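**Student:** Starting from these lines, generate the structure:
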Amino acid sequence: MKDRIGTEICGRSNLDATEARISAKVTRNSHTEKTEPEASVFLPFGIRCTSWFESARSTGKLFLILLAVILAAGCSGDDASEPESGLEGLPFGLDAIEAPSLDELVPGRLGPRPEGSIKTVVEHYLQQYQPEGKLPQLFETTRLYDRNGVLLAEFFEEGRRTWVTLDQISPALIAATVATEDASFFTNRGVDSRRIVGAALQNVQTQSIASGASTITMQLARNLFLGPEERFEQTLDRKLHEIGLAHDLTILFNKEELLEIYLNLVNYGHLAYGPEAAAQVYFGKSAIDLTWAEATILAGVPQQPASFDLFRSFDAAKRRQRVVLDLLVRHETLQPEEADAIFEEEILLIGSSQKQDFLAPHFVLYVEKALERRMAEALGIELGRWKMRRSGMHIITTLDMPMQTLAEDRLIRRGLSNV
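**Tutor:** Residues are numbered from 1 along each chain as shown. Predicted coordinates:
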């Protein structure tokens, strides 16, 4: 009885709140009848309805179903960290609701884990759930070398990426990312129930998309399994799907694996994806060598890469760094005086996002075409679908660059002497 009463209170309170916000759509005067356009209604988690009837019906359904999914997943993480919303407990006695199973609400999700390395699994998922486009789907930076290890060319298409494992990433960047994006990451089961409820209440109260409360695992599920258009849909079905996928990822992968995938997929701006590419682009160093100052300013970029552009909007990036440092203090990773000292530390941007010219360009392009032709034959796909520039290969060629330079100089001198 208590559970049913708590549920009914929740549904009625949300319906009443929605009805209270309904304003008259028709105004009349003595001469004409004027119909005003319907305003959009914001539901929790950034879901928008344009129909008042639809919003009234969906609000109660959203709270009951979505909170049931959260509770069924057993993913509170409440003891591990204080919620971003500042809530001390769930409203309306929702802690006591006995929810249906997650499989009953969001059936037919991921299934068994694919075989292979982490990178192989990511490529499998991307090809299965986002099948359109060039191969490999998980694009990485490709490098060509001469026979002595001299770099001839560095290729990238959609962006730069060099996949690295967690032990190749600065612990400062890992700590800053977790504190900023999902403080309960290591204890939740893909969804942070308190953050989601807090975001729901905040969005309903403000009638705006003030918060989405996506955890690291939910963000990862969105990027791996949803296409670009579906990824930004503000619908209940999309949010439920995302929660179910996040729960499955938590079952199939351990936390270190999830964090490795997440960090390597993150966009840090200037076509830099993942910590290694970002560290090279901005600081001219490897991800493992990032200082606390560099790591904390970099950890704030993924929220809005264009707004927190280190090269073009450094002041905005510094303000975002302050937020990151405050979160690290809040979650007791840093002391306040340590955070202040890191914020005052000078940051030198010595990297570059500019493409470098090729050495021996005609030879490099010949290698590219020959390799793409052979890979198309080996994979049994049409020529041009597999692209060397996104493969992440490190290719050692037969070219001797010093000998090539000497031969070119001789030909140039001989040509000039014949003029």
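**Student:** quick one: contacts of the strand or helix carrying residue 410?
**Tutor:** Residue 410 belongs to helix 401-417 when assigned by DSSP states H and E. Identification of contacts with helix 401-417 by CB atoms under 8 Å, 6 or more residues apart in numbering yields 146, 148, 150, 152, 359, 360, 363. From N, CA and C alone the C-beta is placed, and that goes for glycine too.
**Student:** What of stretch 214-223?
**Tutor:** With CB under 8 Å, 6+ apart as the test, stretch 214-223 has contacts from 177-178, 181-182, 184-185, 188, 190-192, 195, 231, 242-243, 245-246, 249-250, 258-259, 261-262, 265.
**Student:** Just the buried residues of these.
**Tutor:** Buried residues within the contacts of stretch 214-223, counting neighbours by 16 or more other CB atoms under 10 Å: 177-178, 181-182, 184-185, 188, 190-192, 195, 242-243, 245-246, 249-250, 258-259, 261-262, 265.
**Student:** Give me the subset of these that lies in helices.
**Tutor:** Judged by DSSP state H, helices contain the following of the buried ones among the contacts of stretch 214-223: 177-178, 181, 195, 242-243, 245-246, 249-250, 258-259, 261-262, 265.
**Student:** before we move on, the earlier item: pLDDT of the helix holding residue 410, averaged?
**Tutor:** Helix 401-417 carries an average pLDDT of 83.
**Student:** try stretch 149-158
**Tutor:** Here stretch 149-158 scores 92 as its mean pLDDT.
**Student:** Mind listing what's buried along stretch 227-246?
**Tutor:** Going by neighbour count (16+ other CB under 10 Å), the buried part of stretch 227-246 is 230, 233-236, 238-246.
**Student:** which of these lies closest to residue 331?
**Tutor:** residue 246 (21.0 Å; CB to CB).
**Student:** the strands in the stretch 101-250 of the chain, which residues?
**Tutor:** Secondary structure of the stretch 101-250 of the chain (DSSP state E, counting those that start in this stretch): strands located at 142-145, 151-155.
**Student:** so where is this protein shaky, pLDDT-wise?
**Tutor:** Along the chain, the model assigns pLDDT under 70 to residues 1-108, 195-212, 351-353, 416-419.
**Student:** 90 instead?
**Tutor:** 1-112, 130-133, 156-158, 189-214, 226-244, 247, 350-358, 407-419 (pLDDT under 90).
**Student:** how about the CA coordinates for stretch 170-177, as PDB?
**Tutor:** The C-alpha trace of stretch 170-177 is given here as PDB (Å, rounded to 0.1, in the frame of the first residue of the first chain):
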ATOM      1  CA  SER A 170      48.300  10.900 -16.800                       C
ATOM      2  CA  PRO A 171      46.500   9.900 -13.500                       C
ATOM      3  CA  ALA A 172      45.700  13.600 -13.100                       C
ATOM      4  CA  LEU A 173      43.600  13.600 -16.300                       C
ATOM      5  CA  ILE A 174      41.800  10.400 -15.300                       C
ATOM      6  CA  ALA A 175      41.000  11.900 -11.800                       C
ATOM      7  CA  ALA A 176      39.900  15.200 -13.300                       C
ATOM      8  CA  THR A 177      37.700  13.600 -15.900                       C
END
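**Student:** Any buried residues in that stretch, and which?
**Tutor:** Buried residues in stretch 170-177 (16+ other CB under 10 Å): 170, 172, 173, 174, 175, 176, 177.
**Student:** So which of the residues you listed sit within helices?
**Tutor:** If you go by DSSP H, those have 172, 173, 174, 175, 176, 177 in helices.
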